[in-house]
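*Asks:* What follows is a protein structure lacking sequence information:
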């Protein structure tokens, strides 16, 4: 099971370089059922923010509805206890707030693998980061 960071969706949607191609290839493995994945409502908030900030508001509905309709991908909530876990991850790994929340969601869902372009996740010894 994979956790998809917000930047995965941004690269898959917007990037036309090799990184975008790789993100879309990974996305296809999920669609085909070769992998199962989750993301969080927090990640979707980040995707929406990036699109609005980047003057891509016209892509919002298609992007978010596309994520929700992706086979083998579930969107999970951020729990009420995630902030407590995030505090520990901020202190132990010197993570940014949003990254700590993503790790909290991963921990609460008993996962170990994240697809992300963010090297900060490499500080966490029990996390396997798949780059694209």
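*Replies:* Great, that's in hand. Bear in mind the structure is a predicted one, so any value in this text is a computation, not a measurement. Numbers count the residues shown, from 1 in each chain.

*Asks:* Show me the strands in the protein, by range?
*Replies:* For the chain, the strands defined by DSSP state E cover 2-4, 37-40, 73-76, 113-115, 128-130.

*Asks:* Quick check: residue 124 touching residue 94?
*Replies:* No - Residue 124 is beyond contact range of residue 94, at 10.6 Å (criterion: C-beta atoms under 8 Å). Quick note: C-beta positions are derived from backbone N, CA and C, even for glycine.

*Asks:* Look at these two and report which has more neighbours.
*Replies:* residue 124 (20 against 11; other C-beta atoms under 10 Å).

*Asks:* who's in contact with the more buried one?
*Replies:* For residue 124, the contact set (C-beta atoms under 8 Å, 6 or more residues apart in numbering) comprises 89, 93, 103.

*Asks:* ok, now which ones touch the spatially closest residue to the second one that is not a sequence neighbour?
*Replies:* Meaning residue 93. Spatial nearest neighbour of residue 93, excluding adjacent residues (C-beta to C-beta, 6 or more residues apart in numbering): residue 123 at 4.7 Å. Counting by C-beta under 8 Å, 6+ apart, residue 123 touches 93, 94, 95.

*Asks:* and what of residue 127?
*Replies:* 103, 106, 112, 113, 114, 121.

*Asks:* burial count for the closest residue to residue 38 other than its chain neighbours?
*Replies:* Excluding the flanking residues, the one nearest residue 38 by C-beta to C-beta, 6+ apart is residue 74, at 4.8 Å. The number of residues packed near residue 74 is 13, by other C-beta under 10 Å.
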